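K.L.:
Sequence and predicted model, in that order:
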Amino acid sequence: MKKTGLLNQPISSVIAGLGHMDTLVIADAGLPIPTETQRIDLALTKGIPSFLETLQAVLSEMKVERAIVAEEMLSVSPHIYQAVKEALGDVPIETVSHTMFKEQTRSARAVIRTGEFTPYANVILVAGVVF
């Protein structure tokens, strides 16, 4: 058994297998997940686990080079956008339309579905390298 860090086996496995520029999505409960993309479903009930809790857990183990959010997040859920900015620190955040965001999830290594009910609480994390 792991002593620290992520205990969720599918998430740990996906992160361990990421290469430079691979993507991992953390999603709210309503984001459509393409059938061809691995789904890691953590949603238990409304708000559990939250998007931000899940983001923090993933960031504890994943080197992120940049992130992508839907531009709609900035106007509809600005508190989530601010929290994402704080969690990511100096990591650049790009914005795309929600339609484009959903299209980009098709090429992600996995989508982690949370119990989050806040609109547009989704982020694509682009893997960096640790050397």
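P.N.:
Received it, and whenever you're ready, just let me know what you need. Note that the structure is a prediction, hence the values are computed from the model and not measured.
K.L.:
how far does the helix or strand harbouring Leu55 sit from the chain's center?
P.N.:
Using DSSP states H and E, Leu55 maps to helix 51-59. Helix 51-59 sits 8 Å away from the centroid of its parent chain (C-alpha atoms, centre = their mean, to the nearest Å).
K.L.:
And it, what does it pack against?
P.N.:
Helices and strands touching helix 51-59, by 3 or more C-beta pairs under 8 Å, 6 or more residues apart in numbering; DSSP states H and E, are helix 9-17, strand 23-27, helix 78-88. To be clear about C-beta, it is placed using only N, CA and C from the backbone, and glycine gets the same treatment.
K.L.:
Return the most buried member of these.
P.N.:
Mean neighbour count (mean count of other C-beta atoms under 10 Å) peaks for strand 23-27 among the helices and strands packed on helix 51-59, with a mean of 25.
K.L.:
Name every strand pairing with that one and say which way it goes.
P.N.:
The strands beside strand 23-27 in its sheet (DSSP bridges) come out as strand 110-113 (parallel), strand 123-127 (antiparallel).
K.L.:
closest one to Ala16 among these?
P.N.:
Nearest of the strands paired with strand 23-27 to Ala16, taken as C-beta to C-beta: strand 123-127 at 11.1 Å.
K.L.:
Mean confidence (pLDDT) on the closest one, please.
P.N.:
Mean pLDDT, computed over strand 123-127, is 98.
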